[in-house]
Every structure is written in C-alpha cells, then in structure tokens.
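Asker: got a predicted model here, sequence first, then my questions.
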Amino acid sequence: QVQLVESGGGLVQPGGLLRLSCAAPGFTFSSYWLNWVRQAPGKGLEWVSTVSSGGGTTYDAASVKGRFSISRDNAKNTLYLQMNSLKPEDTAVYHCNAGYYSGTVYYPSPTWGQGTQVTVSS
C-alpha cells in the first residue's frame, strides 16, 4: 500500500523559515508530477506548488511565489517544500499529493498522508 509521510512542520515566527519533506516508500515516485497542498482551519484545500516528474518544471500559487520553493529527489523518493518569509496566513496543515492542478481547480489523488502542521505566530 502506498504511503506518504510528511514531516518538518512546526511553530515559527513571522519571517521565519521551514523545510517540509514528504517521503513515499514503496511508491514509484519518479513517474508522477507531485504537489504540495494545504488546508487552513475552517477553509478548503488550497493548491500551493507543483513539480514535474523530473523536477525541472515547477509552478507556485501566487500567494507563495517568491517565498516557497518545491523540489524533489527521486533517488530518495522524497519531495520538499522550502518555505521562507513565512506569514501568519501560511498557517495550515500541509500535504503532499499526486493530484492535478488545472490552473483553477485542484483534483486530488486518493492517497494522502497525515500531513504536517505549520503554525506561523509570534
């Protein structure tokens, strides 16, 4: 059974940084475009970033562009999200997912991990 394991979240002050990881043991990682998505309390799922299967193409939501950077290491079956200049509005549970973002709607794949909580607060 495919398993996704997110880690790296925590409590950070505004302006701080975090690096999230998503490990996928037993998953044919390199075949898929991958995404980070997030869900803030009381809100719906929000697409954050996408990386192509080889890692050469990335897309970011306008709300994180210039602050967040998605990357991957296919040899390690691991996806990353470097988050800099964090803001309180970045507070959410972050998930990796192999779904598809159309440009307006995110279509999730059915495999989810537990997510990792990011809290930005002074």
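Answerer: Right, received. Where do you want to start?

Asker: end-to-end on stretch 67-82?
Answerer: 8 Å (Cα to Cα, to the nearest Å).

Asker: list the buried residues for it?
Answerer: For stretch 67-82, the neighbour count (16 or more other Cβ atoms under 10 Å) marks F68, S69, I70, R72, N77, T78, L79, Y80, L81 as buried. Heads up, the C-betas are built off the backbone N, CA and C, glycines and all.

Asker: how about low-confidence regions in this structure?
Answerer: Counting by pLDDT under 70, the low-confidence segments of the chain come to 1-2.

Asker: go again using 90 as the cut-off
Answerer: Residues of the chain meeting the criterion pLDDT under 90: 1-3, 24-30, 111.

Asker: any chance you could map the strands in it?
Answerer: 5-7, 10-12, 18-23, 34-39, 45-51, 58-60, 68-73, 78-83, 92-97, 100-101, 106-107, 116-120 (DSSP state E).

Asker: who does the longest one touch, helix- and strand-wise?
Answerer: Which is strand 45-51. In this structure, strand 45-51 packs against strand 34-39, strand 58-60, strand 68-73, strand 78-83, strand 106-107, with contacts taken as 3 or more Cβ pairs under 8 Å, 6 or more residues apart in numbering; DSSP states H and E.

Asker: kindly report the same for the first one.
Answerer: For strand 5-7, the packing partners by 3+ Cβ pairs under 8 Å, 6+ apart come out as strand 18-23, strand 92-97.

Asker: what do you get for the fourth one?
Answerer: Counting by 3+ Cβ pairs under 8 Å, 6+ apart, the packing neighbours recorded for strand 34-39 are strand 18-23, strand 45-51, strand 68-73, strand 78-83, strand 92-97.

Asker: nearest to W33, out of the helices and strands packed on strand 5-7?
Answerer: In terms of Cβ to Cβ, the element of the helices and strands packed on strand 5-7 nearest to W33 is strand 92-97, at 10.4 Å.

Asker: the closest one to strand 78-83, inter-axis angle?
Answerer: Between the axis of strand 92-97 and that of strand 78-83 there is an angle of 150 degrees, by axes from the mean of the first three to the mean of the last three Cα atoms, to 10 degrees.

Asker: quickly list what the most centrally placed residue in the chain is bridged to.
Answerer: Geometric centre of the chain, nearest residue: W36, 2.4 Å, by Cα atoms, centre = their mean. Using DSSP bridges, the bridge partners assigned to W36 are S49, C96.
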